[in-house]
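Engineer: let me see the structure of the following:
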Amino acid sequence: MAGEAETNLGKFKNEGHTAFVLGYTGESGKALIKDFNQLQLFKRVVLIGRREITLDPSFGPEFEQKVVDFENLEAHRDVFKGLDIGFSCMGTTRGKAGAQGFVRVDHDYVLNAASIAKEEVQTKTVPSLYTRTKGQVEEALKVMHFDRLSIYRPAVLMCNRQESRPGEAVARFLLKPISYIFPTAITTPVEVLSRAMINNMVAPSTQSVELYENKAIHQLSGISGVCKSQNNRVSEAETSKAK
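Structural biologist: This is a model prediction of the structure:
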């Protein structure tokens, strides 16, 4: 699996793709663009958000931050032009934004951006849209008929969040032992989600709509604890055969 992923990554990089990322200031988005930078996957990456952040000095000139008003995204349609792949890591919580704000961000903003991207991206393709909102949002994305739409349903996201959310911090602390013993049970490290999205993006697919639940996300990543344990079992089996 690792060899196939490396081959796909090399081929993808040589094709000279461009991308946009929504929600890049959140923990999942940060992990994703960090991987983009380390792997040097794109010749241009447009980071679309409500504010600029200070990027690590290691980020190259291919990363461009664009500040937009998501309440009037139509006025910023030009930021999507000339790009061919899109990622959405956009999301909030009811506790932070309230019930109406949650719907506006996780539903309205995501669908408005997807609608504009469908019309403006160069190849009419948005392969990877990650959203924590299910149901209506996912169904609405499906009927937009992207060339390839990948939806990810991670479990509890594990990260060292800079923003103070005491309830989440306690939950992650309590879940750590479970995530170590049962990696795919109820948690997903943001690094695992990021690498799963990338590995899936560079792999060929014949499906127009792909839906990945938590266990599949771990397996796609190639870096999850479950992948390592599977590799160990393979190595043990090969050693037994050799004996």
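
Engineer: what's the closest non-adjacent residue to Tyr212?
Structural biologist: In space, not counting the residues next to it along the chain, Tyr212 is nearest to Tyr152; the distance is 5.1 Å by CB to CB, 6 or more residues apart in numbering. C-beta here means a position set from N, CA and C on the backbone, and glycine is covered the same way.

Engineer: surely the one you found and Arg195 touch.
Structural biologist: No. Contact criterion CB atoms under 8 Å: Tyr152 and Arg195 do not qualify, at 11.7 Å.

Engineer: buried ones in the one helix or strand Lys11 maps to, by neighbour count?
Structural biologist: Assigned by DSSP states H and E, Lys11 belongs to helix 2-14. Within helix 2-14, the residues that count as buried by 16 or more other CB atoms under 10 Å are Ala5, Asn8, Leu9, Phe12.

Engineer: now do the contacts for the third one.
Structural biologist: I take that to be Leu9. Leu39, Leu41, Ile198, Val202 (CB atoms under 8 Å, 6 or more residues apart in numbering).

Engineer: filter the residues you listed to the buried ones?
Structural biologist: The neighbour-count criterion (16+ other CB under 10 Å) marks Leu41, Ile198, Val202 among the contacts of Leu9 as buried.

Engineer: name the nearest of those relative to Ala19.
Structural biologist: Using CB to CB, Leu41 is the member of these that sits closest to Ala19, with 7.9 Å.

Engineer: any idea how far Tyr152 is from the closest one?
Structural biologist: 18 Å (CB to CB, to the nearest Å).

Engineer: this protein: strands as residue ranges?
Structural biologist: Assigned by DSSP state E, the chain shows strands spanning 18-22, 44-49, 63-67, 85-88, 128-130, 149-152, 156-158, 187-189, 209-212.

Engineer: burial of Arg50, as a residue count?
Structural biologist: 13 (other CB atoms under 10 Å).

Engineer: before we move on, back to that, for the residue nearest to Tyr212, name its beta-bridge partners.
Structural biologist: Tyr130, Tyr212 (DSSP bridges).

Engineer: take the strands of the chain and write them to a markdown table, including mean neighbour count.
Structural biologist: Shown next, in a markdown table, are those (neighbours: other CB atoms under 10 Å):
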| stretch | mean neighbour count |
| --- | --- |
| strand 18-22 | 24 |
| strand 44-49 | 22 |
| strand 63-67 | 15 |
| strand 85-88 | 25 |
| strand 128-130 | 25 |
| strand 149-152 | 21 |
| strand 156-158 | 19 |
| strand 187-189 | 23 |
| strand 209-212 | 16 |
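
Engineer: hang on, the earlier thing: which of the contacts of Leu9 fall within helices?
Structural biologist: The subset of the contacts of Leu9 located in helices under the criterion DSSP state H comprises Leu39, Ile198, Val202.

Engineer: distance to Glu191 added to those, as TSV?
Structural biologist: Output for the ones in helices among the contacts of Leu9, formatted as TSV (distance: CB to CB, whole Å):
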residue	distance to Glu191
Leu39	13
Ile198	11
Val202	17
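
Engineer: Gln100: which of these is nearest?
Structural biologist: Compare each of the ones in helices among the contacts of Leu9 with Gln100 using CB to CB and the shortest gap goes to Ile198, at 33.7 Å.

Engineer: who touches the nearest residue to that closest one once chain neighbours are set aside in this structure?
Structural biologist: Spatially, and ignoring its direct neighbours in sequence, Ile198 is nearest to Asp35 (5.8 Å; CB to CB, 6+ apart). Contacts for Asp35 (CB under 8 Å, 6+ apart) come out as Leu41, Glu191, Ser194, Arg195, Ile198.

Engineer: pick out the most distant pair among the residues you listed.
Structural biologist: Every pair of the contacts of Asp35 checked by CB to CB; the farthest is Leu41 and Glu191, at 15.6 Å.
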